[in-house]
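Trainee: Predicted model follows, preceded by the sequence.
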Amino acid sequence: MERISCMIIEDEPLAAEILTDYINQTPFLELKSTCSDALYALEVLQAQRIDLLFLDIHLPKLKGLDFIRTLKSPPRIILTTAYREYALDGYELNVVDYLLKPIHFNRFLMAVNKVKEHTIPEPPVQNVATVTTERPHLLINVNKKRIRIYFDEILYIESRKEYINIVTATSSYLTKYQISEIEAMLDKRKFIRIHRSFVVAREKLNAFSAAEVEINGEVIPIGRSYKELVLSVLGKPF
């Protein structure tokens with residue numbers, strides 16, 4: 001299996017060391033270079049193929065987000081930072097994920113698995129007639145059972161302390177998860193976090209305003225800190 005070539009752009013030695021350790025523990029990743037500033041990283045990108053950048057936002061000389069804007073054909077990018085307020089900028093620049101420091105290994109794996117799904121092709125199938133495409137889905141534990149929930153059936157997900165409630169048009173499923181863990185598994189083009197307690201399916205929205213969205217008759221509030229992001233993605237209401 002071809003591995004994903006990675007570069008770390010990080011000026012904090014400890015943070016770079018942690019990312020290096022995580023990459024070395026992940027079989028489908030291969031660390032090619034570690035840079036402490038974006039200008040040197042640019043030279044590396046011009047000299048060799050890099051599939052994935054772990055990019056710190058606060059860098060000397062050239063900031064991480066400005067660095068992305070200088071790249072004509074950037075590789076996949078995972079931002080690393082201690083600050084939440086840059087999430088909107090990262091979303092607009094089409095980054096894969098946004099990791100908040102200190103970065104835990106399970107959250108790191110969620111992020112790189114997104115890259116793996118879109119980078120490493122499946123082995124070729126000899127008998128074309130038997131090829132099937134399985135719908136993307138979750139497998140969750142509900143009342144001591146394993147339940148399959150297809151992503152395209154989800155209307156919204158609600159956080160309930162240490163649990164989440166996954167709502168479809170026909171049912172709802174309460175399972176022990178953090179909403180941030182599920183959010184990391186979702187396609188950002190199809191789902192959006194609109195409140196600290198709610199993630200919604202964009203295609204399932206029936207209506208929205210500056211304060212709330214409506215899905216299947218349910219009215220869900222837009223959180224104050226999420227409003228700018230939500231309206232930039234959905235568009236300004238009349």
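Mentor: Ah, there it is.

Trainee: Go ahead and confirm Phe67 touches Leu55.
Mentor: Yes - using Cβ atoms under 8 Å, Phe67 makes contact with Leu55 at a distance of 7.0 Å. Where you see a C-beta, it was placed from the backbone N, CA and C, and this is true even at glycine.

Trainee: When those two are compared, which one has more neighbours?
Mentor: Neighbour tally, Phe67 and Leu55, criterion other Cβ atoms under 10 Å: the higher count belongs to Leu55, 26 against 23.

Trainee: Just give me the residue right at the centre of this protein.
Mentor: Asp97 (3.7 Å; Cα atoms, centre = their mean).

Trainee: who's in contact with the nearest residue to that one once chain neighbours are set aside?
Mentor: Nearest residue to Asp97, sequence neighbours excluded (Cβ to Cβ, 6 or more residues apart in numbering): Ala111, at 3.9 Å. Neighbour list for Ala111: Ile78, Val96, Asp97, Leu99, Ala184 [criterion: Cβ atoms under 8 Å, 6 or more residues apart in numbering].

Trainee: Show me where the protein has its helices.
Mentor: With DSSP state H as the criterion, the chain has helices at 13-25, 38-47, 64-70, 87-92, 105-119, 179-185, 227-234.

Trainee: if we can go back for a sec, could you single out the nearest of the contacts of Ala111 to Tyr22?
Mentor: Tyr22 has its nearest neighbour among these in Leu99, at 10.2 Å by Cβ to Cβ.

Trainee: Look up which residues are beta-bridged to the closest one.
Mentor: Thr80 (DSSP bridges).

Trainee: if I look at it, how far off is Ala47?
Mentor: To Ala47, Leu99 is 26 Å away according to Cβ to Cβ, to the nearest Å.

Trainee: Just give me the neighbour total for the residue nearest to Phe198 when sequence neighbours are not counted.
Mentor: Distances taken as Cβ to Cβ, 6+ apart place Ile220 nearest to Phe198, at 5.2 Å, with adjacent residues excluded. A count of nearby residues for Ile220, using other Cβ under 10 Å, gives 20.
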